[in-house]
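Student: sequence unknown, structure follows:
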């Protein structure tokens with residue numbers, strides 16, 4: 001089967017992620033205008049439960065299907081794909097209806113005992129109807145990703161998000177005159193649930209057209225699917241619970257240190273609602289890259305091509321480090337200007353500068369996780385993720401009451417460093433790769449200092465303005481140019497990356 005171009009697929013995923021992120025921000029601004037900050041607070045309570053239900057419904061399914069299809073194609077067993085998809089849909093139904101039962105039948109208990117707000121019960125019941133369809137859509141997404149038909153998966157996701165937003169806006173515009181919080185929330189969750197149903201129907205028509213190209217000649221063992229999906233699902237449930245616990249504990253711990261309730265919520269919002277999403281935003285490209293690496297490494301692992309795994313792994317680590325250190329440098333040297341330009345907040349700039357040094361490790365961890373999943377190490381990835389969450393909960397509980405803000409930031413540092421270090425050690429140990437980390441980090445760091453520092457000094461001579469963005473972009477371009485002019489990426493790594501992105505061997 002002909003594989004789609006890796007570079008084109010990565011670009012498609014990156015652009016789609018960028019579009020959907022922007023759409024999400026604009027949609028949230030619209031919702032705030034409809035129900036105010038208090039209403040958004042109620043909506044966040046609903047989302048906290050819905051997110052856990054979504055984890056139960058769809059966690060692990062997309063990854064499992066993607067990896068299995070990649071392996072079947074690599075080993076020329078395409079004729080097993082139809083039966084494998086049939087079994088995957090059966091598992092999706094079990095997960096989806098389990099999530100439905102949680103929200104629909106336990107909605108009253110959850111709202112009363114965990115959220116202290118029984119007005120949101122109807123919203124939880126409405127959202128429950130979309131979860132089985134979400135689970136099955138997740139299988140279809142994995143199907144198209146495994147076939148490298150990324151454009152189909154992207155179109156389905158865009159259709160879902162746009163449909164949900166359009167239904168919500170239409171309901172609020174034409175059917176709900178009184179913009180009370182319960183009614184607005186009902187319109188939003190109705191749009192979400194109906195959007196899931198319509199997105200599945202749209203995805204299923206595309207799926208039926210594609211699956212008809214495969215002949216179903218042999219059965220696929222259900223146990224093989226469960227073996228991959230179940231560990232991911234269970235660990236996802238545990239991690240989701242730990243993350244929720246961490247978010248609930250942070251304001252309490254900050255108040256034990258001496259912060260007021262308002263100050264605690266402000267710091268929580270500043271770090272997790274403003275700064276961390278901003279630091280993660282450039283990783284849209286690497287996230288798409290990581291998703292595409294998983295089936296690539298699954299192919300190589302299925303046919304036992306260790307040489308390709310080693311060469312690609314080293315090249316990808318270099319690319320991730322180079323990009324992560326670039327982003328770190330831009331945020332570090334222009335933190336004050338970025339905080340004012342984006343959030344009109346000097347405090348945001350201070351927090352950006354404090355947290356951005358961890359960016360290279362965050363980005364590298366995401367890339368390593370994608371490679372490990374392709375090498376059938378998804379259980380290890382999830383164990384490391386859970387261990388990170390446990391560490392962060394422990395630090396939040398014990399350190400924040402003693403050190404306040406510094407304990408909060410310390411939890412972020414410790415969790416990310418430990419997770420990235422364990423994932424990286426696992427990859428290097430399993431593949432026995434020798435990589436000059438300290439040399440690469442030193443070179444990339446020197447390059448970003450030399451390119452970004454002069455422009456940042458120039459930016460501080462005048463108040464932040466549109467021209468400041470030009471000063472931020474300039475060192476980025478110079479840094480990328482220097483990477484190639486001075487051979488910072490060796491010829492061997494350039495060749496591997498060229499092969500990865502184009503599917504063709506580099507000349508010379």
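Tutor: Okay, I see it. Nothing here was measured: the structure is a model prediction, and the numbers come from that model. Numbering: from 1, shown residues only.
Student: Tell me, how many residues neighbour residue 193?
Tutor: Neighbours of residue 193 under the rule other C-beta atoms under 10 Å: 23. C-betas here are computed from N, CA, C, even on glycine.
Student: same deal with residue 254?
Tutor: 25.
Student: Could you do the one 10 residues further on as well?
Tutor: Neighbour count for residue 264, taken as other C-beta under 10 Å: 22.
Student: Next SSE downstream of the host helix or strand of it?
Tutor: Per DSSP states H and E, residue 264 falls inside helix 261-268. Per DSSP H and E, the first helix or strand lying C-terminal to helix 261-268 is helix 276-280.
Student: That following helix - contacts with which helices or strands?
Tutor: helix 346-355, helix 359-374 (3 or more C-beta pairs under 8 Å, 6 or more residues apart in numbering; DSSP states H and E).
Student: So what touches it?
Tutor: Residues external to helix 276-280 that are found in contact with it (C-beta atoms under 8 Å, 6 or more residues apart in numbering): 327, 331, 338, 342, 352, 355, 356, 359, 362, 412.
Student: pLDDT-wise, what's the bottom of those?
Tutor: Note: of those, the lowest pLDDT belongs to residue 342, at 78.
Student: For that one, which non-adjacent residue is spatially closest?
Tutor: Nearest non-adjacent residue to residue 342, counting by C-beta to C-beta, 6 or more residues apart in numbering: residue 278, 6.7 Å away.
Student: tell me the domain ranges of this structure?
Tutor: As recorded under automatic domain parsing, the domains making up the chain are 1-220, 230-502.
Student: Could you tell me how many residues sit around the closest residue to residue 118 other than its chain neighbours?
Tutor: Closest residue to residue 118 apart from its sequence neighbours, by C-beta to C-beta, 6+ apart: residue 111 at 5.2 Å. As a burial measure, residue 111 scores 21 neighbours (other C-beta under 10 Å).
Student: Mind checking what secondary structure residue 111 has?
Tutor: Under DSSP: H, G, I helix; E, B strand; the rest coil, residue 111 falls in the helix class.
Student: tell me, how many neighbours does residue 401 end up with?
Tutor: Residues lying near residue 401 (other C-beta under 10 Å) number 16.
Student: In contact with it, which residues are there?
Tutor: Residues in contact with residue 401 (C-beta under 8 Å, 6+ apart) are 253, 256, 257, 407.
Student: Pull out the buried residues from these.
Tutor: With burial judged by 16 or more other C-beta atoms under 10 Å, the buried subset of the contacts of residue 401 is 253, 257, 407.
Student: Which neighbouring elements make contact with the strand or helix carrying the last one?
Tutor: Under DSSP H and E, the secondary-structure element containing residue 407 is helix 405-431. Packing partners of helix 405-431 (3+ C-beta pairs under 8 Å, 6+ apart): helix 222-257, helix 306-333, helix 346-355, helix 359-374, helix 378-398, helix 400-403.
Student: what's the spacing between it and its chain's center?
Tutor: Relative to the chain's own centre, helix 405-431 is displaced by 17 Å; criterion: C-alpha atoms, centre = their mean, to the nearest Å.
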